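In: Give me the fold of what follows.
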Amino acid sequence: MRSDVVMERFFTALISGDRPAARQLVSQVFESGYDGRQVLNRLCWPTLEHIQKLYRADQLSEICHHYATRVLRTVVDQVQLRLEPKERHSKRILVVSGPEEAEELGAQIVSDLLEAEGYEVRFAGGGVANDEIVNQIGELNVDVLVVFGAAPSTVPFTRLLIDRLHTIGVCPKLQVAVGGGVFNRAEGLAEEIGADLWAASPAELVQAISEKPRQRMKPEQRTVGRKSRSKRDAA
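Out: Residues are numbered from 1 along each chain as shown. This next block holds a predicted model:
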């Protein structure tokens, strides 16, 4: 099956709210030999990005956007059941996102892929207060915090969250990874807020977490919290 033709048919089914057509097309893709990871990485994620690009440019109506994101979520749920899990290990990951449907959907794809890689994953989505996230990180002894698909309005809260984690020292070995959403559109934003890892897509983020477990942003590289630290040092 030609990928461009499949993606066009999939996109059309999503924006028209045609749930049976979307499910049937995904079933056909599986029958043609693709596995769950390929469907998420090469069909679901690129289509979600395309939908979001059109929507931000006012080239997609509100109802079509709602159709697309809601139907795509049911498809992602369907695909998750077809992911073949690898051997499990003990690393714990907490995944959060921006509050919008599309941001949460991108984070859900990341969560599904990470779980299939053998990680122990908690997916909280969007709209969770920083205090609760910090508490969960401490209670679960989380190894990696993933902020995927943040909306512009949530960046200040993410910035404050990372600064607080460094300030209070909860889980000193914690790694913070970000990607998707506004991080893909604002170059240098991930480094600015003090993230240890960043990637444009779910597949790239999963790869970065697997291949760079020891990568951390050096304190002198962080711009977030630098002013408050300087004041404390001066005192």
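In: Break the chain into its domains for me.
Out: Listed by automatic domain parsing, the domain ranges of the chain are 3-80, 92-221.
In: mind checking how far the last one is from the chain centre?
Out: Here domain 92-221 shows a centroid-to-chain-centroid distance of 8 Å under the convention Cα atoms, centre = their mean, to the nearest Å.
In: Could you check the pLDDT of residue 72?
Out: Looking at residue 72, its pLDDT stands at 98.
In: An error on my part: the question was meant for residue 16.
Out: Residue 16 is given a pLDDT of 98.
In: Buried residues, the helix ranked longest in the chain. List them.
Out: In the chain, assigned by DSSP state H, the helix with the most residues is helix 62-80. Across helix 62-80, burial judged by 16 or more other Cβ atoms under 10 Å covers 64-65, 67-69, 71-73, 75-76, 78-80. In short, each C-beta sits where N, CA and C put it, glycine included.
In: In a markdown table, list those residues along with distance to residue 5.
Out: Shown next, in a markdown table, are the buried residues of helix 62-80 (distance: Cβ to Cβ, whole Å):
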| residue | distance to residue 5 |
| --- | --- |
| 64 | 21 |
| 65 | 23 |
| 67 | 21 |
| 68 | 18 |
| 69 | 23 |
| 71 | 19 |
| 72 | 18 |
| 73 | 23 |
| 75 | 18 |
| 76 | 21 |
| 78 | 21 |
| 79 | 19 |
| 80 | 25 |
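In: Among those residues, which one sits closest to residue 56?
Out: residue 65 (10.0 Å; Cβ to Cβ).
In: these two touch, right, the closest one and residue 50?
Out: No. Taking contacts as Cβ atoms under 8 Å, residue 65 lies outside contact range of residue 50: 11.7 Å.
In: quick one on the thing from earlier: looking at the domains of the chain, which one has the lowest mean pLDDT?
Out: Within the domains of the chain, confidence is poorest for domain 92-221, with a mean of 92 (mean pLDDT).
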